[in-house]
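Asks: coords please:
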Amino acid sequence: MSTMRTVKVDGEARYDISIGPGLLGDPVLFGHALRGRHALIVSDTNVAPLYADTLEATLLTARPAMQVARFVMPAGEQEKTLARFCQCLDALAALGATRDATVIALGGGVVGDLAGFAAACWMRGIDVVQVPTTLLAMVDSSVGGKTAVDLPAGKNLVGAFHPPRAVAADTATLRTLPPRELRAGLAEVVKYGAIFDAEFLTWLEARTQALLAGDDATLAEAIARSCEYKADIVARDPYEHGERALLNFGHTFGHAIEAEQGYAGAGSEALNHGEAVSVGMVLAARLSAALGRSPAADTQRLQALLQKLGLPTVVPAGLEPEALLARMRLDKKADATGLRFVLWDRAGLAKVVSGVADEKVLDVLRVR
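Replies: So this is what the prediction gives:
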């Protein structure tokens, strides 16, 4: 019996999210997703040596006449730049990619964002198939069509909405994921419970050890439930004109931390994206309580769960509150009326809130 699960994304751009072990070797799955004669596999120096050969063999089994090329970039958020984006376009040009070509993003969120943006721009838009290999990318960045690169001034400031043609989340790839990256992905999983479903938080609280141990069935269930939450909201609000902004819970604070630390992430003491979101969610919950919107006990519950998952929950030493606030003003979630935050009224019930006084934000940032 197949162990593959499928989550359908409805709305104007419909596609399937396939979840299960061994999908990289499934020519039927990829055969349905491919069009045309050209495919560019975009990956990084960590992931490509592990999985690019398998994926390329699968593509050629599905479509023997297909021309397949690779663009492999250095790993890390600091590589998600306009310069790397241009190199990816050059790879599409060298391949001779036509309007029916497909970009296949094999890797984590950085690869998915950059490859998706290249697909959005090449000849005004070609197909992209997201093949996430990190937990964070499986539950968040591979779904919903947000693509972008960073600028020195801020994260994801240049990009486009470009939904994938398909998402194939091969859960077997999580077995080679470093423990720090697995924990980072769990932060985004916790986010769905925090903003949509307190019962899901309870489910996670009961399974922290299984999740940290990489138990296949528990992770598959967490991924599927997370994708279902995201698929529902993306179908209703594909371009983030309304409720999709709730998915940014913790991200206004988190992006400011990442930008202020220079996107150092993996291999350094600076926080990666999931870790920064973990801190950001606690700050958002604390700000909610400070504004009288939510019980302080809910903040403590969230912080305890994140700590149990081995995630950071306080602003890293050396970051000045005023500098972080300045970073938030350049975040995409700010608008003409000023900063907007995703806060919560209680666990499982988030709201977008504008007009928060700077001093309230600074007070939260000063707590160490």
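Asks: average pLDDT across stretch 326-341?
Replies: Per-residue pLDDT over stretch 326-341 has a mean of 76.
Asks: Using PDB, write out the CA atom coordinates for stretch 81-98.
Replies: These are the backbone C-alpha positions of stretch 81-98, laid out as PDB (Å, rounded to 0.1, in the frame of the first residue of the first chain):
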ATOM      1  CA  THR A  81      20.900  37.400  -4.000                       C
ATOM      2  CA  LEU A  82      20.200  39.100  -7.300                       C
ATOM      3  CA  ALA A  83      23.600  37.900  -8.500                       C
ATOM      4  CA  ARG A  84      22.700  34.200  -8.000                       C
ATOM      5  CA  PHE A  85      19.300  34.900  -9.500                       C
ATOM      6  CA  CYS A  86      21.000  36.200 -12.700                       C
ATOM      7  CA  GLN A  87      23.300  33.100 -12.800                       C
ATOM      8  CA  CYS A  88      20.200  30.900 -12.600                       C
ATOM      9  CA  LEU A  89      18.700  32.800 -15.600                       C
ATOM     10  CA  ASP A  90      22.000  32.300 -17.400                       C
ATOM     11  CA  ALA A  91      21.700  28.600 -16.800                       C
ATOM     12  CA  LEU A  92      18.200  28.600 -18.400                       C
ATOM     13  CA  ALA A  93      19.600  30.500 -21.400                       C
ATOM     14  CA  ALA A  94      22.400  28.000 -21.800                       C
ATOM     15  CA  LEU A  95      19.900  25.200 -21.700                       C
ATOM     16  CA  GLY A  96      17.900  26.900 -24.400                       C
ATOM     17  CA  ALA A  97      14.800  26.700 -22.200                       C
ATOM     18  CA  THR A  98      11.600  27.400 -24.000                       C
END
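Asks: Contacts for it next, please.
Replies: 36-38, 40, 42, 67, 69-71, 73, 101, 103, 114-115, 117-118, 121-123, 126, 149-151, 158 (Cβ atoms under 8 Å, 6 or more residues apart in numbering). C-beta here means a position set from N, CA and C on the backbone, and glycine is covered the same way.
Asks: quick one: contacts for the residue sitting nearest the centre point of the chain?
Replies: Taking Cα atoms, centre = their mean as the criterion, residue 141 is the residue nearest the geometric centre of the chain, at 2.9 Å. The neighbourhood of residue 141, defined by Cβ under 8 Å, 6+ apart, consists of 108-109, 112-113, 132.
Asks: Please apply the same query to residue 171.
Replies: 19-21, 138, 216, 219-220, 223.
Asks: Tell me the one of those residues nearest residue 209?
Replies: Distance to residue 209 across these (Cβ to Cβ) is lowest for residue 219, with 12.4 Å.
Asks: from memory the closest one sits against residue 135, does it?
Replies: Yes: between residue 219 and residue 135 there is a contact under Cβ atoms under 8 Å: 7.1 Å.
Asks: More neighbours: these two, which one.
Replies: Shown here are residue 219 and residue 135; by other Cβ atoms under 10 Å, residue 135 has more neighbours (30 against 25).
Asks: Which residue comes closest to that one once chain neighbours are left out?
Replies: Excluding the flanking residues, the one nearest residue 135 by Cβ to Cβ, 6 or more residues apart in numbering is residue 185, at 2.6 Å.
Asks: where along the stretch 51-200 of the chain do the helices fall?
Replies: Per DSSP state H, counting those that start in this stretch, the stretch 51-200 of the chain carries helices over the ranges 82-95, 109-121, 135-136, 179-196, 198-205.
Asks: ok, and what's touching the strand or helix carrying residue 40?
Replies: Using DSSP states H and E, residue 40 maps to strand 38-44. The contact list for strand 38-44, computed with Cβ under 8 Å, 6+ apart, reads 48, 51-52, 55-56, 59, 63, 66-76, 79, 88, 91-92, 95-98, 100-108, 110-111, 114-115, 118.
Asks: Stretch 209-224 now?
Replies: 3, 5, 7, 19-21, 135, 138-139, 169, 171, 174-175, 177, 179, 182-183, 186, 189, 204, 207, 309-310.
Asks: Where does pLDDT dip in this protein?
Replies: 1-2, 264-267, 331-338 (pLDDT under 70).
Asks: Need the single longest helix in it, by residues.
Replies: helix 216-236 (DSSP state H).
Asks: related to what we said a few turns ago, state whether the residue nearest to residue 135 and residue 142 are indeed in contact, as I suppose.
Replies: No: with contact defined as Cβ under 8 Å, residue 185 does not reach residue 142; the gap is 11.4 Å.
Asks: Those two: who's more crowded?
Replies: More crowded of residue 185 and residue 142, by other Cβ under 10 Å: residue 142, with 32 against 28.
Asks: measure the more buried one to residue 13 for me?
Replies: 14 Å (Cβ to Cβ, to the nearest Å).
Asks: and residue 341, backbone torsions?
Replies: Main-chain dihedrals, residue 341, degrees, to the nearest 10: phi -120, psi 150.
Asks: All further residue positions should be reported with the first residue as 37.
Replies: In the new numbering, first residue 37, that becomes residue 377.
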